[in-house]
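S.K.: heads up, no residue letters with this:
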């Protein structure tokens, strides 16, 4: 009785369709060999983290055409003007700089007021000295000198009010800044264009705090403090919102 060939000692028939141990099958790949249709070790894999996939922008890569750009500070960017402190755009002027500009303008006008008042007082005293104390018309002369001083002071006050209007209105509308703003490096611009406000917008921006000053200056103070309550990130006061302007740093 034969026990088979030396290569098959147990007499079991070999199956030519099944490979032996260590030989890869026709439809299956062995260890370390890439299977058909699947990438093996060293083959190109799916894009990893940080790499843009098809149809989707990855981290650090530009977005697909037609998608709106990202905006800064949580408010929408106005067309034609990069509003807010966005990289590459203007910086919103700080309230400290704006306060400094008001102080400089106020000091300049205070000096002008003081000079005119001193001139008026000196002129009134000179007119009073011309009155003869021994004259029966002395009291009348003193009263006339005082009336002349009051009339001159009222006229000077009116002239200064007009000069202040022209100064704030024309400088802001045509230049974009008063002398105080120029000193601290800030300017007023239109929100939608970034250009100078123009005479119409600058007048609106000026007249609102002036109307507020009628109530003992309380309304004017609230207008100038209103940028602290602005939630848009532009620090616009009520007068800025009405005139569609904002204050930026040069």
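M.R.: Here it is on my side, so go on. Owing to the predicted nature of the structure, the values given are computational and were not obtained by experimental measurement.
S.K.: buried sites along the lowest-mean-pLDDT helix or strand in the chain?
M.R.: None of the helices or strands of the chain scores lower by mean pLDDT, DSSP states H and E than helix 138-170, at a mean of 82. Residues of helix 138-170 classed as buried: 141, 145, 149, 152, 156, 164, 167-169 (neighbour count, 16 or more other CB atoms under 10 Å). In this view, the C-beta of every residue, glycine as well, is placed from N, C-alpha and C.
S.K.: Check the burial of the closest residue to residue 238 other than its chain neighbours by counting its neighbours.
M.R.: The spatially closest residue to residue 238, leaving aside those adjacent along the chain, is residue 226, at 4.6 Å (CB to CB, 6 or more residues apart in numbering). Look at residue 226: counted by other CB atoms under 10 Å, it has 18 neighbours.
S.K.: mind checking the SS state of residue 226?
M.R.: The three-state label for residue 226, taken from DSSP: H, G, I helix; E, B strand; the rest coil, comes out as helix.
S.K.: Correct me if wrong: it contacts residue 235.
M.R.: No. Residue 226 is beyond contact range of residue 235, at 9.4 Å (criterion: CB atoms under 8 Å).
S.K.: Okay, now the unreliable bits of the protein?
M.R.: Per-residue confidence of the chain (counting by pLDDT under 70) places the weak regions at 1-89.
S.K.: Please enumerate the helices of it.
M.R.: 95-129, 138-170, 179-184, 198-212, 218-225, 238-243 (DSSP state H).
S.K.: Throw the buried residues of helix 138-170 into TSV and include distance to residue 244, thanks.
M.R.: Formatted as TSV, the entries for the buried residues of helix 138-170 read as follows, by distance: CB to CB, whole Å:
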residue	distance to residue 244
141	57
145	51
149	44
152	41
156	35
164	23
167	22
168	17
169	16
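S.K.: ok, back up a step: would TSV of the helices of the chain with distance to residue 249 be doable?
M.R.: Formatted as TSV, the helices of the chain follow (distance: least, CB to CB, whole Å):
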stretch	distance to residue 249
helix 95-129	7
helix 138-170	20
helix 179-184	9
helix 198-212	18
helix 218-225	18
helix 238-243	15
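S.K.: Between those, which one is closest to residue 250.
M.R.: Counting by CB to CB, residue 250 lies closest to helix 179-184 out of those; the figure is 8.8 Å.
S.K.: In the closest one, which residues are buried?
M.R.: Buried residues in helix 179-184, defined by neighbour count with 16+ other CB under 10 Å: 180-184.
S.K.: nearest to residue 239, of the residues you listed?
M.R.: Proximity to residue 239 was ranked across the buried residues of helix 179-184 by CB to CB; first place goes to residue 181, at 14.4 Å.
S.K.: how long is stretch 179-192 from one end to the other?
M.R.: In terms of CA to CA, to the nearest Å, the two terminal residues of stretch 179-192 are separated by 24 Å.
S.K.: List the contacts of it.
M.R.: Outside of stretch 179-192, the residues within contact range by CB atoms under 8 Å, 6 or more residues apart in numbering are 78-81, 83, 90, 93, 97-98, 100-106, 108, 171-172, 175-177, 195-198, 201-202, 205, 234, 236, 244-250.
S.K.: ok, residue 173 - how many residues close by?
M.R.: Using other CB under 10 Å, residue 173 has 19 neighbouring residues.
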